[in-house]
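A.B. asks: Fold the following, please.
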Amino acid sequence: MDAKETRDQIVRDAKSSLILDAALKMFAEKGFHETRLDDIAAAAGFSKASLYNYYPDKEAIFLHILIRMHEKIIDALKAEIQNDRHIKDNLTAMVRAIFKIYNENFSFSFSMTDLKTMAPISIEKFQKHHEQLMSRFKQHSMEMTELSVSVFSIAKRRGEIATQIEDRTLAQFVTSLMRGVLYDCKVAGKIGEIETHVQNIMEFLSNGLAFKKQPV
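C.D. replies: Reported below is the predicted structural model:
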């Protein structure tokens, strides 16, 4: 790639990112279903026709934003998971990092559920017309899961946890805990105090429900 091609690519990447940022704002405000390409184009300062030079449709834009967010989470997990760090510290850092990313993208984060509630024809459109993007999205989801699983695998090898539950199941439990807290945040309309969420989740993971003996 020569100097001109490099400059052109930089400009294209910058404009693509600008469109995604504008779309992120519109999806956060109006949700996926109510957002039109005209809304995204206007927010980005583009004509609708010029928008097609970068993205073929609204679904492609939505998927690119999802992928970008997943990439942020993956980068954060890779940065926080350390082989020489105790599992409690690894999990604390991971949970905190994920809540921070969701807080930064709060409104949009919950529009992601649109993917699960769309009519079958809409899901079919995603799969049929954006096979490569959907594949990237699924690969990122798998990578996030594997990173979480690795935390438990490392801890078991070092004898830091004593449980026979499979590593993947343990990772799913932690994910479910976070999803539950995030759902309450969605209902409340705000993330709230991140450190409080982190401390509550870690208290539960560290000490569980602390069952007492039943009275005779």
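
A.B. asks: How is this protein divided into domains?
C.D. replies: Taking automatic domain parsing as the criterion, the chain consists of the domains 1-55, 58-207.

A.B. asks: show me where the chain has strands.
C.D. replies: Using DSSP state E, the chain contains no strands.

A.B. asks: Show the residue spans covered by the helices in it.
C.D. replies: Assigned by DSSP state H, the chain shows helices spanning 3-34, 37-44, 48-51, 58-80, 87-104, 106-111, 114-117, 120-129, 131-157, 167-188, 194-207.

A.B. asks: and the first one, what other elements does it pack with?
C.D. replies: Spelled out, it's helix 3-34. With contacts defined as 3 or more C-beta pairs under 8 Å, 6 or more residues apart in numbering; DSSP states H and E, the packing partners of helix 3-34 are helix 37-44, helix 58-80, helix 106-111, helix 114-117. C-beta here means a position set from N, CA and C on the backbone, and glycine is covered the same way.

A.B. asks: a markdown table for the ones you listed, including mean pLDDT and mean neighbour count?
C.D. replies: Formatted as a markdown table, the helices and strands packed on helix 3-34 follow (pLDDT from 0 to 100; neighbours: other C-beta atoms under 10 Å):
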| stretch | mean pLDDT | mean neighbour count |
| --- | --- | --- |
| helix 37-44 | 94 | 18 |
| helix 58-80 | 91 | 18 |
| helix 106-111 | 71 | 19 |
| helix 114-117 | 52 | 12 |
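
A.B. asks: circling back: mind giving me TSV with the helices of the chain and columns for distance to residue 213?
C.D. replies: What follows is the helices of the chain, written out as TSV (distance: least, C-beta to C-beta, whole Å):
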stretch	distance to residue 213
helix 3-34	49
helix 37-44	60
helix 48-51	65
helix 58-80	38
helix 87-104	27
helix 106-111	42
helix 114-117	42
helix 120-129	50
helix 131-157	29
helix 167-188	25
helix 194-207	16
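
A.B. asks: If you average pLDDT over each of the ones you listed, which is lowest?
C.D. replies: Comparing mean pLDDT across the helices of the chain, the lowest value falls on helix 114-117: a mean of 52.

A.B. asks: Of all the helices and strands packed on helix 3-34, which one is nearest residue 210?
C.D. replies: helix 58-80 (27.4 Å; C-beta to C-beta).

A.B. asks: Can you spell out which helices and strands pack onto that closest one?
C.D. replies: Helix 58-80 sits against helix 3-34, helix 37-44, helix 87-104, helix 106-111, helix 120-129, helix 131-157, with contacts defined as 3+ C-beta pairs under 8 Å, 6+ apart.

A.B. asks: Show me the residue at the heart of the protein, geometrically.
C.D. replies: Among the residues of the chain, residue 70 comes closest to the average C-alpha position under C-alpha atoms, centre = their mean, at 4.5 Å.

A.B. asks: The residue lying closest to that one once chain neighbours are set aside and residue 41: what is the separation?
C.D. replies: Of all residues beyond its chain neighbours, the one nearest residue 70 is residue 140 (3.9 Å), with distances taken as C-beta to C-beta, 6 or more residues apart in numbering. Between residue 140 and residue 41 the distance, using C-beta to C-beta, to the nearest Å, works out to 27 Å.
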